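Asker: what would the 3D arrangement of this be:
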Amino acid sequence: MRAQFHDVSKTLQGDTVISFRVPDIDLEKIEKLKDKPLDLEIKKHSEKRSLNANAYHWKLCSMIASKLGTDKDTIHEWLIRDTNYFSIIDCREEAVDMIKSRFRYVDEIESYVIETDEGYSWYKQLRIYKGSSEYNTKEMSELVEKTVEDAKSLGIETWSDEELAYTLSMWEGDRYEGYTKNR
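Answerer: Take a look at the predicted model:
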């Protein structure tokens, strides 16, 4: 449920009371929860990704793939790697396969040896890319914009800048206007 923080106070017993403003809700349902233990999660609101923008990304991936004689998943992977949202980790060589099984996009950067009390151990440095399902709205906007750029470079017809800005703004609100990429 989306809410707006309202107030915080302390009771005479030392408990903290936090209140929020919420949209009109069924008070009878809330009343039934009174005096029952609840599990609450409070986190900063972020808009959901636009399904239209995501669908448009995949549509363009298919069109690019058709033009290049490959498949949409390969194009999507190229674009994921090109947006550069990744982490670099170091791990023992024997853990590499396990890590690759848990992450979709992993590059081996280099191998090296570390001397320990038990002898020598081989390590690998890996680049692990974040999948688009984990992207926030800014990151997803960059992915869609990169997809559009690549499609245009291949002569594929794309939405107008206005149509794209509107679709992206559907989940970013007014923040999209004036948004500039840092590439």
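
Asker: tell me how far residue 143 lies from residue 3.
Answerer: 30 Å (CB to CB, to the nearest Å). Every C-beta, even on glycine, is put in place using the N, C-alpha and C of the backbone.

Asker: swap that for residue 97, please
Answerer: 44 Å.

Asker: more neighbours: which of those two?
Answerer: Between residue 97 and residue 3, counted using other CB atoms under 10 Å, the more crowded position is residue 3 (12 against 9).

Asker: report the contact partners of the spatially closest residue to that one that is not a sequence neighbour.
Answerer: Of all residues beyond its chain neighbours, the one nearest residue 3 is residue 20 (3.9 Å), with distances taken as CB to CB, 6 or more residues apart in numbering. Neighbouring residues of residue 20 by CB atoms under 8 Å, 6 or more residues apart in numbering: 3, 4, 5, 6.

Asker: state the mean pLDDT of stretch 155-170.
Answerer: For stretch 155-170, mean pLDDT rounds to 83.

Asker: just use 25 as the starting number from now, easier for me
Answerer: Happy to do that; since the first residue is 25 now, the last one works out to stretch 179-194.

Asker: can you tell me what sits against that stretch?
Answerer: Taking CB under 8 Å, 6+ apart as the rule, stretch 179-194 contacts 74, 76-77, 80, 84, 87-88, 91, 165, 168-169, 172, 175-176, 200-201.

Asker: geometric centre of this protein: which residue is closest?
Answerer: Per CA atoms, centre = their mean, the C-alpha nearest to the average position across the chain is that of residue 159, at 1.4 Å.

Asker: I'd say that one and residue 167 touch.
Answerer: Yes. Residue 159 lies in contact with residue 167 (CB atoms under 8 Å); the separation is 6.5 Å.

Asker: residue 40 bridge partners, please.
Answerer: Beta-bridge pairing for residue 40 (DSSP bridges): residue 34.

Asker: burial of residue 84, as a residue count?
Answerer: Residues near residue 84, counting by other CB under 10 Å, number 25.

Asker: now do the one 3 residues further on
Answerer: Taking other CB under 10 Å as the criterion, the count of residues near residue 87 is 18.

Asker: how about it, nearest residue that isn't a chain neighbour?
Answerer: Using CB to CB, 6+ apart and skipping the chain neighbours, the partner closest in space to residue 87 is residue 180 (5.1 Å).

Asker: from residue 149, how far off is the one you found?
Answerer: 37 Å.

Asker: how far does the helix or strand containing residue 193 sit from its chain's centre?
Answerer: Residue 193 belongs to helix 185-196 when assigned by DSSP states H and E. Taking CA atoms, centre = their mean, to the nearest Å, the mean C-alpha location of helix 185-196 is offset from the chain mean by 18 Å.
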